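Quick one, structure for this:
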Amino acid sequence: MPRKAKLQSIADEQSSQGVAAVNRALSLLAAFQQGSLVLTLSELAERTRLYKSTTLRLLTSLINANLIQRFEDGRYGLSYEVARLYAIYAASFSMEHVVKPVLRDLVAITGESAAYHVRQGTTRFCLYRVDSPHPVRDHIKEGDLLPLKRGAGGRVLQAFETDENSANQSDDDDEDKDLYARIREQGYYSSIGDREQSVGGISAPVFRANGKLVGAVTLTMPAERYDERFIEPVIAAARKLSALI
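Predicted coordinates for the structure are as follows:
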């Protein structure tokens, strides 16, 4: 009779759907991280909470598929098939297919309009936008240029710009510098009437894995519908995009 594991494997703990053996094999691939590019059998078993015998069988299948390789010293690492799959993914990557679903989810949660802004020179560019279902809303469109130093999205882009891309910040007055420092500290910006008197906005930054700012997720609504409860969904959407991008 097979031994019963004291703890569930990582794969079994995270998902009860699909094929268990496939989920466990994928958990082995996920065990490789930055700083852990090469792992021993014991390390793989420990990280996935699989028996060594199970780990070894799964590794054999992954090696046959060229997803994992075994080195002369007995340790394991990712193999060239991973690089081939990544090249296909990179070639087919579309920002729109990544950003738009996150914006739609944000609109579904809040009922307000969501946009993704990027910096373009001394302005900000509305790259993607999903409108609120409410008939009363602001009517910014994809492709519109907006102020960089007014409005929630612009303030966030300005606050989180890296030093090499923000030479114009030296021209900011002390009040603006204090504001940008506060935005960086709290991780978002919310306001009413910063760009237009009747419009409220909440925005949070989106970063690449290397920490470089790439854009901002911004939620806008009429001032009378502004709700601080929308702050957390905006932050969550920005973090999700940071992970995806």
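
Any stretches of this structure with poor pLDDT?
1-8, 10-17, 93, 162-173 (pLDDT under 70).

All the strands of it, residue numbers only.
For the chain, the strands defined by DSSP state E occupy 38-39, 68-70, 76-78, 113-120, 123-130, 145-147, 189-192, 199-207, 213-222.

Export these to a markdown table and append columns for distance to residue 59.
The C-beta positions use only the backbone N, C-alpha and C, and glycine is treated the same way. As requested, the strands of the chain are arranged in a markdown table below (distance: least, Cβ to Cβ, whole Å):
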| stretch | distance to residue 59 |
| --- | --- |
| strand 38-39 | 10 |
| strand 68-70 | 6 |
| strand 76-78 | 6 |
| strand 113-120 | 41 |
| strand 123-130 | 42 |
| strand 145-147 | 52 |
| strand 189-192 | 48 |
| strand 199-207 | 34 |
| strand 213-222 | 37 |
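
Out of those strands, flag the one nearest residue 95.
Using Cβ to Cβ as the measure, strand 123-130 is the one of the strands of the chain that comes nearest residue 95, at 7.6 Å.

tell me which residues in the closest one are buried?
Using 16 or more other Cβ atoms under 10 Å as the burial criterion, the residues of strand 123-130 that qualify are 124, 125, 126, 127, 128, 129, 130.

How far away from the center of its chain is that strand?
In this view, strand 123-130 has its centroid 18 Å away from the chain centroid, taken as Cα atoms, centre = their mean, to the nearest Å.

Now do it: which elements does it pack against?
Applying 3 or more Cβ pairs under 8 Å, 6 or more residues apart in numbering; DSSP states H and E, one finds that strand 123-130 contacts helix 95-110, strand 113-120, strand 145-147, helix 152-160.

Name the surrounding residues that touch that strand.
Residues outside strand 123-130 that contact it (Cβ atoms under 8 Å, 6 or more residues apart in numbering): 95-96, 99-100, 103-104, 106-107, 113-119, 140-148, 151, 153-154, 157, 215-216.

Mind checking which of those residues are buried?
95, 99-100, 103, 106-107, 113-119, 140, 146, 148, 151, 153-154, 157, 215-216.

before we move on, the earlier item: out of the strands of the chain, nearest to residue 180?
strand 189-192 (9.1 Å).

what are the pairing partners of that closest one, and which direction each?
strand 199-207 (antiparallel) (DSSP bridges).

now the partner strand and helix 152-160, what's the angle there?
For strand 199-207 against helix 152-160, the angle by axes from the mean of the first three to the mean of the last three Cα atoms, to 10 degrees is 40 degrees.

All good on my end, thank you.
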